[in-house]
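Sequence below, structure please.
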Amino acid sequence: MRIGVVACECFRKEIDLLTMEDPDIVFKEYLEFGLHSYPKDLRREVIAHVNQLAGQVDAAFLVYGICNSLEGIVEELDVPTVTIAADDCVGALLTPEEYAKERKRCAGTMFHIPFVAQMGRDYFVKELASKMPNYEELGVDADWFLDIMFDGYSRCLFIDTGIGERGLYESMSEEFARQRGLSHESREGTLEMLRDALRRTKELASGQ
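A predicted model of the protein is given here:
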C-alpha cells in the first residue's frame, strides 16, 4: 500500500519516529508551524497539499488537530484521509482527556511539546517582527510585547513525547519559564493517538 503523510512541522520528530523504515510510507511533507493563526490559510494549504497526492497514494494521514479551521475537511479532500480527533497538537500528544485535566488544573498554562520548547522566546520575537517589522523603530521592546502576550499565564508544562533527548527539551522549556516568570512542571505525553491514526490510515488504504 502507499501512504502519504501531510503534517504540521511540530509533529516532525514524532512522525519520523513512528514511520521509521516503514515501507508503506511513500510520501511525507511537513507544513510550516503557525498556520493555525490564519484559519482560512491553513485550510486552503492543507487541502492543496493533500489533494496533490491524488493518484499517487492509496490514503493520506493528515497529522493536524482541528486547529480552529479543519473541522470536516475530509469531505473536501480528493484522497481518502484519516485525521486526529483532537483540538490541536497538544491534545494529540496528551489525549483530549488529559489535556482537559491539565487546563482545569491551571487555566493559565503554556503547553510545551518538544517542538514548542525548542522554539523558545525567539519564535515569538520573530512573530512580532513579521507583524510589526519596524517595532524597534517604534520603541516597542520585545520583552514588553511578550509580557503582554503571556499576561495571565502562570505555569509552563513540558510534555515528553518519547522522541529522546528529554533533558535537552525540558531544559529549554525550563529556561522559557524562567524568562517569563512562570512555574514549571513536566509530565509524560503519548504517541498512541498518532499510532492509532496511522493504523486506521493503513486500514483505509488496504480497502481501496
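
helices and strands around the helix ranked longest in the chain, which ones?
Identified as the longest helix of the chain according to DSSP state H is helix 114-131. Counting by 3 or more Cβ pairs under 8 Å, 6 or more residues apart in numbering; DSSP states H and E, the packing neighbours recorded for helix 114-131 are helix 12-18, helix 142-149, strand 155-160, helix 166-180. In this view, the C-beta of every residue, glycine as well, is placed from N, C-alpha and C.

Out of those, flag the one nearest Leu204.
helix 12-18 (16.7 Å; Cβ to Cβ).

Put the alpha carbons of that closest one into PDB.
Taking C-alpha atoms only, helix 12-18 is exported to PDB below (Å, rounded to 0.1, in the frame of the first residue of the first chain):
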ATOM      1  CA  ARG A  12       8.100  16.000  12.600                       C
ATOM      2  CA  LYS A  13      10.200  14.100  15.200                       C
ATOM      3  CA  GLU A  14       7.200  12.100  16.500                       C
ATOM      4  CA  ILE A  15       6.100  11.100  13.000                       C
ATOM      5  CA  ASP A  16       9.600  10.400  11.800                       C
ATOM      6  CA  LEU A  17      10.000   8.100  14.900                       C
ATOM      7  CA  LEU A  18       6.700   6.300  14.200                       C
END
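
Give the buried residues for that helix.
Applying a neighbour-count criterion of 16 or more other Cβ atoms under 10 Å, one finds Arg12, Lys13, Glu14, Ile15, Leu18 buried in helix 12-18.

For Glu75, state which of these is nearest.
Of all the buried residues of helix 12-18, Glu75 sits closest to Ile15, with 23.9 Å by Cβ to Cβ.

contacting residues for that closest one?
Counting by Cβ atoms under 8 Å, 6 or more residues apart in numbering, Ile15 touches Val5, Ala7, Lys28, Tyr30, Val63, Leu194.

If we use 10 Å, what do you get?
Residues in contact with Ile15 (Cβ atoms under 10 Å, 6 or more residues apart in numbering) are 5, 7-9, 25, 28, 30, 61, 63, 163, 191, 194, 198.
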